[in-house]
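> The following block contains a protein sequence and its predicted model.
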Amino acid sequence: MATPGFAAGAYASIQGVGAGNLMRKPIATGGAEAGGPDFSALLGKALDATAEAGRKADTQTASVAGGRADIVNVVTAVAESEAAIETLVAVRDRVIAAYEEIMRMPV
C-alpha cells in the first residue's frame, strides 16, 4: 500500500497533466475561441504525458533487469505511470458521462 507522501510525489510528478497548468498557455486555433483553451490540445498533452510516464517505467524496468538501476526507482516510475493512467481514465469517464447527459437533453 502506498503512503500518502508517496502518492503525493507521484501526483506531483504528473502535475503537467493537470488542467490548471494546461490552461495557463491557451492555444488559439481556427476552431477555438480566441484566448480560450483548446480541448483537443489539452487531451493531446495529457495523452503524451501518460505515454511518457509509461516509457519511463519501461526504461526503469529494463535498467533494473540489467542491474543498472535501483528497485526504488522502478517502483516510483511504475506508480507514476499508474497515477497518470488512472487520471486519464477518470477524465475519459467524465467526458463520456457528460456526452451521455447531453444526449439525454430534450431538443
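Everything's here; your move. Residues are numbered from 1 along each chain as shown.

> so how far is residue 69 from residue 59?
Noted for residue 59: a distance of 9 Å to residue 69, by Cβ to Cβ, to the nearest Å. Glycine gets a C-beta too; all of them are placed from N, C-alpha and C.

> ditto for residue 58
In terms of Cβ to Cβ, residue 58 sits 12 Å off from residue 69.

> Over to residue 39?
Plainly put, residue 39 is 37 Å away from residue 69 if you go by Cβ to Cβ.

> of the two, who's got more company?
A count of neighbours by other Cβ atoms under 10 Å puts residue 69 above the other of residue 39 and residue 69, at 16 against 12.

> SS state for residue 68?
Here residue 68 is coil, with the state taken from DSSP: H, G, I helix; E, B strand; the rest coil.

> so how many other residues sit close to it?
Neighbour number of residue 68 under other Cβ under 10 Å is 9.

> Poorly predicted segments of the protein, please.
Within the chain, the ranges that satisfy pLDDT under 70 run 1-35.

> List the buried residues in the longest helix seen in it.
The longest helix of the chain (DSSP state H) is helix 71-104. Using 16 or more other Cβ atoms under 10 Å as the test for burial, helix 71-104 gives 73, 74, 76, 77, 78, 79, 80, 81, 83, 84, 87, 88.

> The fifth one reaches residue 64, doesn't it?
Read it as residue 78. No: with contact defined as Cβ atoms under 8 Å, residue 78 does not reach residue 64; the gap is 10.5 Å.
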